[in-house]
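1. no sequence for this one, just the structure:
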């Protein structure tokens, strides 16, 4: 997992726990029925709209997105240039036994070696890209859904607590602690949503965007290899996808 | 119905009921006029924008989506390969009496046997797919609308209760219970929306996405059969729609 | 007007009035200045962004959408098949004096009889459809705007009431009733928005969707007539727009 | 300015002022620091994301949109038919000295007289239309931004007031008036947003839509003139953009 | 940095600080644990979904967008006309050593001198434009995310404070100050979001829109140079992107 993500989650929770502890004991912020209603209720709501298998699958895809190292854009461009040069000299079939790390690039080259037409290959790679986007969005959707359900469950818990408190308003000294406990579920819901679920959903979204950009680069590279374009054209085409700093500063401004 | 959905609804409601019971009797959370205003008001609002017939139709479509078993993507690919092989050997007409489970695939093959041009067939199947999407969205819309109306009705009920309570502020000991009852409608609205309606709407959305993906696979399959493509091309094209794990792990990374 | 809409509005308001009456007299929920600020303020806000003429025009379009009976999809298909058959036998000009109920179908056939090219006719019908969509959205927009403005006006009224109450906090016995009156405007705003305006806006949206689907069917039908396609192709094309139950159950599953 | 807009703003503010005055003196609703924090804070936030020049430019465009009279759709159609007739009889160059009120139509005809190709002219007019849409949206964006910032500034002011009040809770008789003043900023924010900014933003949006529709009519008209189409085709094409009532009631239903 | 932005931020914060000071000492609005939970918690949430490197990169891109001076639209048009004239007279290669300030224009001309086909050049420039949009949106996304997370963190802090206060309700005189401190985090969250983050995100959005418009002008200019169009056509094409006031008032109305 990304080290920044870990620091973020630990730091965020740590700050909140520290501020809780500053006013007395942490124990007064711990309430089992409240946790059950918020965490349990959120999980139940997720189960309603996702089968267990899908939740696990989406989490696995998400985890892989965190862990698997990708080639950088520059590495992909170098590899494409190398493959295109070899294909122009020795023919497309000579790429058969090339070792290619990027899965999308490897698949495209393999299909080319298999003799499929460039149009069919592009259609296949774009269909794979679109299927990948849909799978990744599934994972984001689960975290977004949890991020919107947890505060609602917190509100339900607080309402249950308030009704219980208001029914027995005889003892004024009990009002404060009872209301404190009622508010705890709202607090749990807010922490789960805003410190954990929403930022993770955003991270998955960014990762998907990066992976899609990387695969689009690979698809354009495969097209160029199949068309046998010369290396200057390929380099110009592919560098357009990179940020300016990666382009050796040909032009100074931010473009 | 999906077993996970059932577990989710029962588990979610169970947790909330347990937390209610923990503070005394469940009876104090039961209030007939409150239930009437929230459930009745939500149903009335649905009736305003949907005829009864449409509500029932949409629910039936929704239920069918839960119950009908679909072919998996792999099964569809196998069937397409088999049909394509037969069509190449014995001609398209030989598919006339094939038994095909997938309705979209069956319809496309039937239209091909009837002699329509591939372009017309694709247009027809895509029009059916788009009409199906619209029908399914209707069902989601009803649940989403209930999910946004129920909390509003809960707020209306709470406001009515608060006004009634505030009018007669003579007896301080009556304030607590009266306010508890006023808050109950907000609680009902939140539970109906966040534990029942919203998750079901999300589930219908996921089901529609799965069914659309399945039908897109079938449409591409029908095209391939009509064009008489060879089996390697068909397999490459169709497998692009599946998750990598279903592709025999040709490439190890998550793509 | 749709009977379901009427039942919904009366039922919804009835339930709320009944719950108001259950706590004493209805009169305590009636407050003229409060009604003026919410209803009057909402109308004023609508006047700011729409001229009176546009409001009346949009309401008329909306009312027509409720009242005018449309041909069902099956009727349109039957009519298209009949016209196409006649056009193939006796030429397009023979359709000149045909009586056609569907306005879009009639206009398309008339333009064909007038000798315009199929491409021009399709462009004209699509431009009409797009203009119709924009006119109908105008009506929805007005109700949506009222649905979001009414609660805001209710909040303004409640704030005015609260400030007035808080300025004179001398007599504790007056706090309750004064606050009750302040809350009434919030209640008015919520009822106007959630029981009346939002459901009507949703209904107009559904009606527009139905009318657009109907006109798309007619446009495809006109194209088929002009191209002189045979009846089996026309039927296959047009039935793709209908729900499966209207297709004589050729395939059993929900598609 | 539109008379309805003026009536709406005066009527809306009048109703609110009347309801304020009904409970005593208007003076108790006037609070200079509160007004400063809401109005000043909103202006400051606008300055952060717009240069002064852009704010003034956008307001000028907005004002022009209110004041400049436009040709009606029917007038534009008449003018196009007249120009097309003259161009067919005397050649395109004869339009050189025609006086044309609609700026878009005039520009298109001028470019035609200058000898540019129809494709280039259409591209130029569409680019102008798209640039116009972006300029107008800028004005709407400013009012929408103010409409969302004003309530937030009102909340900030109320929070400041509440904190000040709560710090000095010694004198119970001072709580009411202090809280009343704290609530005033929320009231100011709501009135500025919901009675002034949001409706004006909506009005600008409607005006832009009308102007865009008008210009699209003119662009199609210019195309027809350049292609030398006959008047029946032009009339059919252009009338498709108008509401049915403007089409001499050829078909009775709402289409 | 834009002077208006600076004035806006200082003015907005100044107004709020002045209103705070008006009720006593500013010190009572300063609370270290509260600031830590809001500022720290927001930063932690940002770290979860963005690596530190990305945050810094996005901020640098954002800062550059504020600081780098761009050519105005009129300057770009003049330069394009000049380059096109030279290219028509002396050939495209004569542009090799031209000094061109606009990076996009310079890159397009360079690629043309290098001998790439116009279609490839347009594809490359559009890919660069689309990559630029994505990089800039990243910066906006970070500020938008902070603008939605800060109020949530403020709410978490207030809930923590309320629970601590309610647990120890023995001393009524301590309630006010404790609640004042609890409310401070909500205040911090609102100020950070509505006075700082949201307006800056909006400003970045406007800047991106301006830069994209500028680059689209340059891309159309490069196309025109490569096609060797004459200067009247180029001027007509490019001026379509400018506001009417920059077009020498050829037509008086707002278009």
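-> Structure received. What you see is a predicted model, and the numbers here were worked out from it, not measured in a lab.
2. element containing residue A:115?
-> For residue A:115, there is no host helix or strand (DSSP states H and E).
3. what do you get for residue A:147?
-> For residue A:147, the host element (DSSP H and E) is helix A:118-167.
4. Can you name the element that comes right after that helix?
-> With elements assigned by DSSP H and E, the helix or strand that comes after helix A:118-167 is helix A:175-191.
5. So the helix or strand following that following helix, near chain E or not?
-> Along the chain past helix A:175-191, the next helix or strand (assigned with DSSP H and E) turns out to be helix A:198-227. Yes: applying C-beta under 8 Å from any C-beta of the partner chain, one finds that helix A:198-227 is in contact with chain E at A:198-200, A:202-203, A:205-206, A:209, A:213. Any C-beta I mention is one placed from the backbone N, CA and C, and that applies to glycine too.
6. that older thread, close to chain E, is the helix holding residue A:147?
-> No: for helix A:118-167, no contact with chain E is found by C-beta under 8 Å from any C-beta; the gap never falls below 9.0 Å.
7. average pLDDT for that helix?
-> Along helix A:118-167, the predicted confidence averages to a pLDDT of 89.
8. can you give me the angle that helix makes with helix A:175-191?
-> For helix A:118-167 against helix A:175-191, the angle by axes from the mean of the first three to the mean of the last three C-alpha atoms, to 10 degrees is 180 degrees.
9. what about residue A:56, distance to residue B:106?
-> Computed with C-beta to C-beta, to the nearest Å, the distance linking residue A:56 and residue B:106 is 33 Å.
10. These two: which has the busier surroundings?
-> Neighbour tally, residue A:56 and residue B:106, criterion other C-beta atoms under 10 Å in any protein chain shown: the higher count belongs to residue B:106, 21 against 11.
11. Report pLDDT for the closest residue to the more buried one other than its chain neighbours.
-> Sequence neighbours aside, residue B:100 is the residue nearest to residue B:106 in space, at 3.9 Å (criterion: C-beta to C-beta, 6 or more residues apart in numbering or on different chains). At residue B:100, the predicted lDDT confidence score is 85.
12. And for residue A:66?
-> Here, the pLDDT recorded for residue A:66 equals 63.
13. Contact partners for the residue in the stretch 51-200 of chain A that chain E sits nearest to?
-> When C-beta to the nearest C-beta is the measure, the stretch 51-200 of chain A has its nearest residue to chain E at residue A:176, with 3.2 Å between them. By C-beta atoms under 8 Å, 6 or more residues apart in numbering or on different chains, the contact list for residue A:176 reads E:165-169.
14. doesn't residue A:136 make contact with residue A:208?
-> Yes: under the contact definition of C-beta atoms under 8 Å, residue A:208 touches residue A:136, with a separation of 4.2 Å.
15. low-scoring stretches of the stretch 1-150 of chain A, by residue?
-> Applying pLDDT under 70 to the stretch 1-150 of chain A picks out residues A:1-2, A:61-62, A:64-71.
16. how many neighbours does the residue in it that chain D sits nearest to have?
-> Residue nearest to chain D within the stretch 1-150 of chain A (C-beta to the nearest C-beta): residue A:23, separated by 16.9 Å. The number of residues packed near residue A:23 is 19, by other C-beta under 10 Å.
17. List the contacts of it.
-> For residue A:23, the residues meeting the contact criterion (C-beta under 8 Å, 6+ apart) are E:160-161, E:164.
18. Okay, residue A:210 and chain B: tell me how far apart.
-> Here the criterion is C-beta to the nearest C-beta, to the nearest Å. By it, residue A:210 lies 13 Å from chain B.
19. Which pLDDT does the model give that residue?
-> Per-residue pLDDT puts residue A:210 at 83.
20. Find the centremost residue of chain A, please.
-> Among the residues of chain A, the one closest to the centroid is residue A:204, at 1.1 Å (C-alpha atoms, centre = their mean).
21. Now that one: closest residue in space, sequence neighbours ignored.
-> By the measure of C-beta to C-beta, 6+ apart, the closest residue to residue A:204 outside its immediate chain neighbours is residue A:140, 4.7 Å from it.
22. Quick one: residues contacting the nearest residue to residue A:197 once chain neighbours are set aside.
-> For residue A:197, ignoring the flanking residues on the chain, the nearest one in space by C-beta to C-beta, 6+ apart is residue A:147 at 3.7 Å. With contacts taken as C-beta under 8 Å, 6+ apart, residue A:147 has the following neighbours: A:192-194, A:197-198, A:201.
23. returning to that earlier point: restrict the contacts of residue A:176 to contacts with chain A.
-> Filtered for proximity to chain A (C-beta under 8 Å from any C-beta), the contacts of residue A:176 shrink to E:165-169.
24. is it possible to export the contacts of residue A:147 to CSV including pLDDT and neighbour count?
-> As requested, the contacts of residue A:147 are arranged in CSV below (pLDDT from 0 to 100; neighbours: other C-beta atoms under 10 Å in any protein chain shown):
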residue, pLDDT, neighbour count
A:192, 92, 22
A:193, 93, 26
A:194, 92, 25
A:197, 89, 22
A:198, 91, 24
A:201, 87, 20
